[in-house]
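Q: how would this look folded up:
(one chain, ligands or ions: 1)
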Amino acid sequence: MLLENESPQTACLCGSEKPYHQCCFPFHCGERYPETAEQLMRSRYVAYVKQLSPYLLQTWCLKNRPENIEFDPNIIWKKLTIHSKKKGRKKDREGWVSFSATYEASFNILQLKEKSFFVRDKDLHWCYVSGLFEPL
Ligand SMILES: [Zn+2]
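A: Sure, this is the predicted structure:
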């Protein structure tokens, strides 16, 4: 699950400034579950960067889960910025996170802005329901 040239000390790609092994890695390897919707959001972004389909599928709400995920080979994810969040805390059952993700495609730097909706599944783990694209 480590990318080439990446040590466990490398800053997590979610932008938290914590080392990967203390941030999203425990979620990716199933050692722990995200406690907040934002943690799930961040770990799912990193899973897109690292193309960890099993993690993305597993954290997708059952009723909306696609059969598989195809990664666009022309996209290089650069950065995640969290703009705002509503609920999604330890005591909540649902939550929203607005973010933008910067990526490079065909030598252009582009941005995707989305508001994602998360709920807790039957085991009370956070899962991704859907996202609304927002105008930039
Ligand atoms: Zn992280």
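Q: and the closest residue in space to Phe71 that isn't next to it in sequence, backbone torsions?
A: Take Phe71 and drop its neighbours on the chain: the residue closest to it by C-beta to C-beta, 6 or more residues apart in numbering is Gln51, 5.0 Å away. No exception for glycine: its C-beta is placed from N, CA and C like everyone else's. Listed backbone geometry of Gln51 is phi 60, psi 50, with angles given as degrees, to the nearest 10.
Q: The one 5 residues further on too?
A: The main-chain torsion angles of Leu56 are listed as degrees, to the nearest 10 and equal phi -60, psi -40.
Q: Pull up the residues of this structure that are close to the ion.
A: Proximity of the chain to the ion is assessed by C-beta under 5 Å from the ion, with Cys12, Cys14, Ser16, Cys23, Cys24, Arg42 identified as the residues in range.
Q: right, and the last one touches Glu17 too?
A: It refers to Arg42. No: contact criterion C-beta atoms under 8 Å: Arg42 and Glu17 do not qualify, at 11.6 Å.
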